[in-house]
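Novice: Starting from these lines, generate the structure:
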Amino acid sequence: YIWGVDAAGATSCLQDSRGRLMGFFPWSVEAKVAGDQELVTPALFTALFFLIHGATYLGVKAAARPIGFREGAPIPTMATSGKDPIYEVVRARQVQAWLFKFLDGTYRLLYTATETPSGDKEYRIIFVPREDTDFKEVPHVLEFDVLVPAEKLAEDARVVESSLVQRKLDPKEELAGREVAGVLAHQSASLLAGSILGVLGLYFWFGAPMVEAHKEVAAMRLAASFDEKALAGRFFLKVPGGLLIAQVNMAFQLYASLATLWTPALRQGLMVGHHAVAFVILAAHAYPNLLASTWLGCAEVAGEPPWGQYDLVFFFGLTEVSTIPLAIHDALKRLPTRVFSSPGLKATDQVAKGLFAVLFLAFRCLAFPVVIWGYWGCLLVQLEFGMAACPTLIVIILFGSFFMAGLQMFRGYKTCAIIISLLTGGGQKDKTS
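Specialist: Down below sits the predicted model:
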């Protein structure tokens, strides 16, 4: 319906479809929060992103299950430190003799533990090479069973000689070794969010629904040369798609904040801060009364929310187009080396990196400063002339946007540095730093 009807028809169609869906849920009452928009839409999209994350995570973990663990066996456990009880077993003298005979390099230990009817403890142990070990050839995996007789200590463990298997590492076990299920799951959700927001942003920013809005903003800039207060009107301008983009992106930022905190490989302060600040900015625009009256002690704010719909379409819709190729690249680079060596995947990765660079520089580095300059103008005018019903909320939005703009410029600088290094034949260190 997005491409076939006008904005009003699209909005009506979406509301009708959403109303039919909500009719299946007992909590479908559209409760307004202190005069703000409903919370059902962001809640549903948050659940969708977590659902995609969970399904991908479980799928990768299932696909990466080491093939040495028999079907129906307990889920294998990874020994993460020397304190794990399994090390009492593998330190047994007879087990150590086997290990010294077959292992050469740095390995990870995975195991399952079961108890036989006679009370014996039986362990299925697999040593998988660590991903940071430099093997000249395809590395090997060592599998074997260990039996600890009932009422015996772990040091009495014995290897079941007939169970010993030494074989080449399977590519999917490399995937398990990298422990990237969480990262791949996050990139799947990011790809979905970027696709939804990017398509909506492209359609509404460049399409017919925003033609009048662009004219109104241009007229406000012209009027501001006579009366600076005219800039404030941009903040209260209603445009198609503004609310939907704010709610979807707000849901994604909430999901992404929790996902980056949960996944060690993604747990970087700058990334967590990026998602958290973006969530606060979106919440302040879409649900100002909730924040202003509940936590900031302000009276109900003037103007029907959400605020800043014109700029929301650009900052949280259009710019997310670059997230699509970035998510593809980030997912591909986490694949095992032997899987990623496929010519098709390598070509896809090169296209994704090039497309990301072009889209990022175009929207987040060139267009971003132009749009945000006008956005800051409408915020500062409200503070300067006392037009803001809740100045504290405007200040929060303003400083949050400073952080986001600085982050875009920093990332743009890094992207340009890599491109210049590639064009000038710089070393590998220059390309990746």
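Novice: for this protein, which spans come out with low pLDDT?
Specialist: Scanning the chain for pLDDT under 70 picks out 1-37, 64-83, 101, 103-106, 130-139, 171-179, 292-305, 336-341, 426-433.
Novice: And the helices in the stretch 151-300 of the chain?
Specialist: Counting by DSSP state H, counting those that start in this stretch, the stretch 151-300 of the chain has helices at residues 171-177, 181-206, 211-224, 242-262, 269-286, 288-294.
Novice: Comparing the ones you listed, which comes out most buried?
Specialist: Highest mean neighbour count of those: helix 242-262, a mean of 23 (counted as mean count of other Cβ atoms under 10 Å). To be clear about C-beta, it is placed using only N, CA and C from the backbone, and glycine gets the same treatment.
Novice: name the helices or strands packed onto that one?
Specialist: Helix 242-262 sits against helix 40-63, helix 181-206, helix 269-286, helix 309-315, with contacts defined as 3 or more Cβ pairs under 8 Å, 6 or more residues apart in numbering; DSSP states H and E.
Novice: and the angle from it to helix 269-286?
Specialist: Angle, helix 242-262 to helix 269-286, by axes from the mean of the first three to the mean of the last three Cα atoms, to 10 degrees: 150 degrees.
Novice: and the gap between the residue nearest to Gln253 when sequence neighbours are not counted and Ile394?
Specialist: Distances taken as Cβ to Cβ, 6 or more residues apart in numbering put Phe279 closest to Gln253, at 3.9 Å, once the chain neighbours are dropped. Relative to Ile394, Phe279 is positioned 18 Å away (Cβ to Cβ, to the nearest Å).
Novice: Can you point out the helix or strand that includes Arg411?
Specialist: helix 391-423 (DSSP states H and E).
Novice: Which strands or helices does that helix pack on?
Specialist: Partner elements for helix 391-423 (3+ Cβ pairs under 8 Å, 6+ apart): helix 269-286, helix 288-294, helix 343-359, helix 368-384, helix 428-432.
Novice: all helices for the stretch 1-150 of the chain, in order.
Specialist: 7-22, 40-63, 86-90, 93-102.
Novice: Give the buried residues for the third one.
Specialist: Taking 16 or more other Cβ atoms under 10 Å as the neighbour-count basis, helix 86-90 is seen to contain the buried residues 86, 89-90.
Novice: same deal with stretch 141-151?
Specialist: 141-148.
Novice: Over to stretch 316-333?
Specialist: Those buried within stretch 316-333 under the rule 16+ other Cβ under 10 Å are 316-332.
Novice: List the neighbours of the longest strand along the chain that are in contact with it.
Specialist: In the chain, with assignment by DSSP state E, the single longest strand is strand 158-168. Strand 158-168 is contacted from outside by 68, 92, 94-95, 98, 102, 138-148, using Cβ atoms under 8 Å, 6 or more residues apart in numbering.
Novice: my read: Val146 touches Tyr123, true?
Specialist: Yes. Counting by Cβ atoms under 8 Å, Tyr123 is a contact partner of Val146 at 4.4 Å.
Novice: So for the two, which residues contact both of them?
Specialist: By Cβ under 8 Å, 6+ apart, Val146 and Tyr123 have these common neighbours: 89, 157.
Novice: thinking again about what came up before, show me the buried residues of stretch 316-333 that map onto helices.
Specialist: In this view, these that belong to helices under DSSP state H are 323-332.
Novice: Among the residues you listed, find me the one that's closest to Val370.
Specialist: In terms of Cβ to Cβ, no member of those lies closer to Val370 than Thr323, at 20.5 Å.
Novice: contacting residues around the closest residue to Ala223 other than its chain neighbours?
Specialist: In this structure, Ala223 finds its nearest non-sequential neighbour in Ala230, 3.8 Å apart by Cβ to Cβ, 6+ apart. Shown in contact with Ala230 (Cβ under 8 Å, 6+ apart): 220, 223-224.
Novice: Quick check: Ala230 vs Val211, distance?
Specialist: Applying Cβ to Cβ, the value for Ala230 to Val211 is 20 Å.
Novice: Equivalent analysis for Tyr87, please.
Specialist: Using Cβ to Cβ, Tyr87 is found at 68 Å from Val211.
Novice: Now Gly308: phi and psi?
Specialist: The phi/psi pair for Gly308 (degrees, to the nearest 10) reads phi 50, psi 40.
Novice: does it really touch Ala284, like I thought?
Specialist: No. With contact defined as Cβ under 8 Å, Gly308 does not reach Ala284; the gap is 9.1 Å.
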